[in-house]
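Colleague: Provide a 3D model corresponding to the input given below.
(chains A and B)
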2 protein chains.
Amino acid sequence: MVQDSLIVVALGGNAISRENEEGNVNQQFANSRRTAVALADLIFSGHRLVITHGNGPQIGNFLVRNEAAAGVIYALPMEVAVAHVQGGMGFMIGQTLTNELARRGRKDIVTTIVTTILLDAEDPSFKNPTKPIGRVMDQADAQRFGWNEGWSMKEVSPGKFRRVVPSPMPRQIMELSTISRCVEAGDIIITCGGGGIPVIRDREHGLRGTAAVIDKDLASALLARELRAKTLMILTAVDRVAINFGKPGQRELERMTVVEARRWMAEGQFPAGSMGPKVQAAIEFVEHSSNEKAEAVIGPLDHAADALAGKIGTRMTRT
Amino acid sequence: MVQDSLIVVALGGNAISRENEEGNVNQQFANSRRTAVALADLIFSGHRLVITHGNGPQIGNFLVRNEAAAGVIYALPMEVAVAHVQGGMGFMIGQTLTNELARRGRKDIVTTIVTTILLDAEDPSFKNPTKPIGRVMDQADAQRFGWNEGWSMKEVSPGKFRRVVPSPMPRQIMELSTISRCVEAGDIIITCGGGGIPVIRDREHGLRGTAAVIDKDLASALLARELRAKTLMILTAVDRVAINFGKPGQRELERMTVVEARRWMAEGQFPAGSMGPKVQAAIEFVEHSSNEKAEAVIGPLDHAADALAGKIGTRMTRT
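Modeller: Down below sits the predicted model:
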């Protein structure tokens, strides 16, 4: 069934953690309450939502906590940390949106499903990990926490190192049938937190976790495709995607087609560390969706309903 | 609809953490794999399962990690920690059971739903917290981590302190309709991890988390009642519930009625720290279930299918 009122909303880091904050739990809840207002606006504009979210600052803090406790208590490996953070962030986002909806007279209980995503064990990124996670370390810490643990460490500046992990393409959302059933029934579901818990299939054991970071926008694109949602919304801090950013001829885009997006991607218009993965995810969804009306919107979290209405943000369509 | 093939299985601490182990993640996964064999045996005996679990050792370790990182990174409050651990343990239990079922030719994806449980803000236990959590502290640490944070601390031996939190009765499983729909559709669901994330309703904000520990067996009894399951299985380390335990006239019970159980409870036969809450939960379920065939089984995890079949364990029925 085509789901024309269904939006997969991918929340960026700014939905929960703002710049110039420590990012503690009270601040995260406060930000989450603001985010809930934007999400409720989307629901009250007549749409059904499935919510995904990043976990960058939270997983980073989780790993810092791991390290600070080294020697006192066992560490939790990367994928187990992702699973933990799905629970913690899902609780927070779910509770604040449930409360916001209740304030406006709705009785939904926004519910989090712990989500694992299958990767291809042969994905080239396993041989060439590039995604930095956790803090920058000096040589001694890089030895103690990094090389000693078998991590890949990258020298980010002279004598300074940071862990890098693979960032493979998401292949299959393992809990999809449950997620899909809940969405069909009208539940508001939080899923694919942090891009999903990365698992591979292993001949001997079956599924098992692996240290990787799945891009949350690519995971959201896969989810939107599988659910046959009409819209993938990638909410972030910027008003619009731009070309020639910071250069003469800078232009903020109201609309683009997949073909234009591909061309601009090839030109290097969208940097890998920021807008690139969002545009890539939008392309993945709009191009491959079986819903002909498929569209992606990249726009500002604080004006999500306006972005959906086309007043702000950038909309990508097939033609 | 009465659910006569449906079992709510409550996993005790020994399902994931064994005595004489550090309890690190590899050990937890190894134990979880053994538990998965027992759970798969129940499924292959023709039953549908909903799985709940405790979190004692894990939440304790989580709090130790919090403390070890104090001054380096913000702490996660109790209820947020419970939410995290639901994600982490749900991932682990779900993955190991999914793999065990796959090994036997089934394709289920065992799925975790992050679960909040509403408490009565007037529950008397909020005025008299008694449930010990986290480690034993000397006076200095009790000041630093405890009283300074507004915790209730109990002197457990001269000069030694431990945090105590309320353990209120679970009142409402907030995500019940989603859980119920998934169970009806045949999904194997993990829910109410650690007894559920404790929340209260607050006039100003709506739902909000609170520092408490909900007994996982009482939460499981409430779940079993709401789902109209026939059976509540409380899996633990002992073969049978006993009366006159460690005294002359010790008797291991194969069966008991609710009336007998109540009488023995009143006599103090079942200690508060061990068998008491399990028998209490069994009574809550068998007595109040709208399923007339309601039964509770308390038995050994390693022989769960035998316990269900009545070969071991203690079975409680209404009459």
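Colleague: ranges for the strands of the stretch 151-300 of chain A?
Modeller: A:152-157, A:160-165, A:170-173, A:189-190, A:197-202, A:206-209, A:229-236, A:242-243, A:251-252, A:255-257, A:295-300 (DSSP state E, counting those that start in this stretch).
Colleague: how about the residue in the stretch 101-250 of chain A positioned nearest to chain B: what's its closest non-neighbour residue?
Modeller: Relative to chain B, the nearest point of the stretch 101-250 of chain A is residue A:206 (3.4 Å; Cβ to the nearest Cβ). No exception for glycine: its C-beta is placed from N, CA and C like everyone else's. Distances taken as Cβ to Cβ, 6 or more residues apart in numbering or on different chains place residue B:99 nearest to residue A:206, at 3.4 Å, with adjacent residues excluded.
Colleague: next, count neighbours for the residue in the stretch 1-150 of chain A that chain B sits nearest to.
Modeller: Going by Cβ to the nearest Cβ, chain B is nearest to residue A:87 of the stretch 1-150 of chain A, at 2.5 Å. Using other Cβ atoms under 10 Å in any protein chain shown, residue A:87 has 30 neighbouring residues.
Colleague: verify the contact between the residue of the stretch 101-250 of chain A closest to chain B and residue B:102 for me.
Modeller: Yes - applying Cβ atoms under 8 Å, one finds residue A:206 in contact with residue B:102, separated by 5.2 Å.
Colleague: please name the residues that touch the closest residue to residue A:179 other than its chain neighbours.
Modeller: Leaving aside its sequence neighbours, residue A:179 sits nearest to residue A:191 (Cβ to Cβ, 6+ apart; 5.3 Å). Contacts were defined as Cβ atoms under 8 Å, 6 or more residues apart in numbering or on different chains; by that measure residue A:191 touches A:50-52, A:112-113, A:115, A:173, A:175, A:179, A:223.
Colleague: just the ones in helices from the residues you listed, please.
Modeller: Of those, the ones assigned to helices by DSSP state H are A:179, A:223.
Colleague: can you add pLDDT, distance to residue A:316 and neighbour count and give the contacts of residue A:191 back as JSON lines?
Modeller: Below are the contacts of residue A:191 laid out as JSON lines (pLDDT from 0 to 100; distance: Cβ to Cβ, whole Å; neighbours: other Cβ atoms under 10 Å in any protein chain shown):
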{"residue": "A:50", "pLDDT": "98", "distance to residue A:316": "19", "neighbour count": "26"}
{"residue": "A:51", "pLDDT": "98", "distance to residue A:316": "20", "neighbour count": "28"}
{"residue": "A:52", "pLDDT": "98", "distance to residue A:316": "18", "neighbour count": "27"}
{"residue": "A:112", "pLDDT": "98", "distance to residue A:316": "28", "neighbour count": "31"}
{"residue": "A:113", "pLDDT": "98", "distance to residue A:316": "27", "neighbour count": "27"}
{"residue": "A:115", "pLDDT": "98", "distance to residue A:316": "25", "neighbour count": "31"}
{"residue": "A:173", "pLDDT": "98", "distance to residue A:316": "22", "neighbour count": "24"}
{"residue": "A:175", "pLDDT": "98", "distance to residue A:316": "27", "neighbour count": "24"}
{"residue": "A:179", "pLDDT": "98", "distance to residue A:316": "24", "neighbour count": "23"}
{"residue": "A:223", "pLDDT": "98", "distance to residue A:316": "17", "neighbour count": "28"}
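Colleague: mind putting the contacts of residue A:191 in CSV, distance to residue A:216 included?
Modeller: Converted to CSV, the contacts of residue A:191 look like this (distance: Cβ to Cβ, whole Å):
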residue, distance to residue A:216
A:50, 13
A:51, 11
A:52, 6
A:112, 15
A:113, 15
A:115, 11
A:173, 13
A:175, 16
A:179, 15
A:223, 10
